[in-house]
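Undergrad: got a predicted model here, sequence first, then my questions.
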Amino acid sequence: MQFQFSQWKLLLAIISTTLFAFAESAKDSFDKHLTSTFTFDQLWKLEKNFWDSFLYPANLEQTQGDASTIFASDVQGRVDITRTFDGDELNREYIFGLFADPEHVSLVGIPIAYNITQFTANDNIASATTIVTFNATSFGVVIPVTIDTWIDFNADGKIAQYDATFRWFEYLLDFLLEGVATKINATSADQAVAYVSDLLATTICDTHEQYCTGSNQQYTDTANCYDFLTKTVRFGKSYELGRNTLLCREVHEHMVQYRPDVHCSHIGPGGGGYCVDDMDYTQTVLQRYFKHSWIPYGYGTDQNIWLAT
């Protein structure tokens, strides 16, 4: 059977179209890979640099100055047990300032060592599991805390966005409360919670008394503050450090000293937009927050429900 000229023309057109589509696809894939910013070794060093800076007393340096050596100015961050944090200054206060005072009452204390147990990296994104050893000075124990992180670095090697998960945090909180129960010879878990509530509320109210004055005042007096924190607001579950709880206010109490005008409202009755019950489970899981896809080389932007746009 012989092909007519028109048939040959059609066949050539099909082949040409197919080859063009293949070439465009290959070029698109190649172009995406050209956006790779860092080598694996560079991403490993950037990851370690972050954790080196996280340890006490290096974290103290990160709370100082006008610009961070770790975070981009418009950094976005999310921590599963709390909530999202925008901007360099807020993230320095939260990530570093929260764990920078061994003498201050704190749930987990100060970070003194770390061990990266899992790590993979591509393009400008690094994913790791890190066991951080904390000296929980308020409870007299040294505890390992497992933290899973996804970090997106910008062209300058600074963190543009991060997503962190405290693995087994419920187990950790129970462990601390059980230790308190043993220490005070408690006969029930409620007694341990009451003891810790008193400790945290007293600390928060002392901080309020010292820093939250004038227009930043949240409570009429210390007694009013203590009653609210121990009788009105709930203690909080392991995932409620970003909701209307005492545990949430414990987190933000550490940051009040840096910017009272910003953080005093977070420890107050209204929660200042951070210690509030504003999202249910589904809203939390499906929150559109991040600017960039967490899949390297630009993949996933068409179906990633966490992207803000």
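TA: Ah, there it is. Residues are numbered from 1 along each chain as shown.
Undergrad: for Q191, give its distance to N59.
TA: For Q191, the distance to N59 (Cβ to Cβ, to the nearest Å) stands at 34 Å. Glycine gets a C-beta too; all of them are placed from N, C-alpha and C.
Undergrad: of the two, which one has the most company?
TA: Shown here are Q191 and N59; by other Cβ atoms under 10 Å, N59 has more neighbours (22 against 15).
Undergrad: doesn't P102 make contact with the more buried one?
TA: No: assessed by Cβ atoms under 8 Å, N59 is found out of contact with P102, at 11.3 Å.
Undergrad: give the intersection of the neighbour lists for these two.
TA: I110 (Cβ atoms under 8 Å, 6 or more residues apart in numbering).
Undergrad: enumerate the beta-bridge partners assigned to F71.
TA: Beta bridges link F71 to I159 when assigned by DSSP bridges.
Undergrad: which residues does it contact?
TA: Counting by Cβ under 8 Å, 6+ apart, F71 touches D88, N91, R92, K158, I159.
Undergrad: for the third one, helix, strand, or coil?
TA: When classified by DSSP: H, G, I helix; E, B strand; the rest coil, R92 comes out as helix.
Undergrad: ok, it to P111 distance?
TA: The gap separating R92 from P111 is 15 Å, by Cβ to Cβ.
Undergrad: more crowded one of the two?
TA: Legend: neighbour count by other Cβ under 10 Å for R92 and P111, higher for R92 (24 against 21).
Undergrad: pLDDT score assigned to the more buried one?
TA: R92 carries a pLDDT score of 96 in this model.
Undergrad: farthest pair within the contacts of F71?
TA: The two members of the contacts of F71 with the most space between them (Cβ to Cβ) are R92 and K158, at 11.8 Å.
Undergrad: overlap in contacts of these two?
TA: S68, I70, F71.
Undergrad: contacts only, for the most centrally placed residue in the chain.
TA: Centroid-nearest residue in the chain, with Cα atoms, centre = their mean: V79, separated by 2.9 Å. Contacts for V79 (Cβ under 8 Å, 6+ apart) come out as F85, A164, T165, F166, G242.
Undergrad: measure the fourth one to T130 for me?
TA: For F166, the distance to T130 equals 11 Å [Cβ to Cβ].
Undergrad: what's the overlap in contacts for those two?
TA: Counting by Cβ under 8 Å, 6+ apart, the residues touching both F166 and T130 are T146, I147.
Undergrad: how far away is I70 from A58?
TA: From I70 over to A58 the distance is 10 Å, taken as Cβ to Cβ.
Undergrad: which of the two has more neighbours?
TA: Per other Cβ under 10 Å, whichever of I70 and A58 has more neighbours is I70, with 20 against 14.
Undergrad: nearest residue to that one in space, ignoring adjacent ones along the chain?
TA: Excluding its sequence neighbours, the residue lying closest to I70 (Cβ to Cβ, 6 or more residues apart in numbering) is S53, at 5.6 Å.
Undergrad: show me what contacts the one you found?
TA: S53 sits in contact with N59, E61, Q62, T69, I70, F96, where contact means Cβ under 8 Å, 6+ apart.
Undergrad: right, I'll call it a day here.
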